[in-house]
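> sequence plus predicted model, see below.
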Amino acid sequence: MALGTATQVDSEVDLKADRPWVCIVWDDPVNLMAYVTYVFMVL
């Protein structure tokens, strides 16, 4: 009977919060853009 082999998965996640990010929001037909802007400012 053959034994299974263990594999190691290496993943890199960039969790640096000091880098600016860009978010494009199209005009949302459900939420007012003032609310959408507020949500992004609170995050």
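Yes, it's here.
> quick one: M33 from E12, how far?
Distance of M33 to E12, computed by C-beta to C-beta, to the nearest Å: 35 Å. Placement of C-beta: from N, CA and C, glycine included.
> skipping its backbone neighbours, what lies nearest C23 in space?
Closest residue to C23 in three dimensions, ignoring its sequence neighbours and counting by C-beta to C-beta, 6 or more residues apart in numbering: F40, at 6.6 Å.
> from D28, how far off is that neighbour?
Between F40 and D28 the distance is 12 Å, computed by C-beta to C-beta.
> what's the answer for T37, then?
Counting by C-beta to C-beta, the gap from T37 to D28 is 11 Å.
> of M33 and E12, who's got more company?
Neighbour count, other C-beta atoms under 10 Å: between M33 and E12, M33 has more, with 11 against 5.
> is that one in contact with V39, as I believe?
No. Counting by C-beta atoms under 8 Å, M33 sits too far from V39 to count as a contact (10.5 Å).
> for Y38, give me the pLDDT.
What the model reports as pLDDT for Y38 is 90.
> and for it, the neighbour number?
12.
> buried stuff in the one helix or strand it maps to?
Per DSSP states H and E, Y38 falls inside helix 33-42. For helix 33-42, the neighbour count (16 or more other C-beta atoms under 10 Å) marks V36 as buried.
> just the CA coordinates of it, formatted as CSV?
C-alpha atoms of helix 33-42 as CSV (Å, rounded to 0.1, in the frame of the first residue of the first chain):
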residue,chain,number,x,y,z
MET,A,33,-24.0,58.2,-3.6
ALA,A,34,-23.8,60.2,-0.4
TYR,A,35,-24.4,57.0,1.6
VAL,A,36,-21.9,55.1,-0.5
THR,A,37,-19.3,57.8,0.1
TYR,A,38,-20.1,57.7,3.8
VAL,A,39,-19.6,54.0,4.0
PHE,A,40,-16.2,54.2,2.3
MET,A,41,-15.1,57.0,4.6
VAL,A,42,-16.1,55.1,7.7
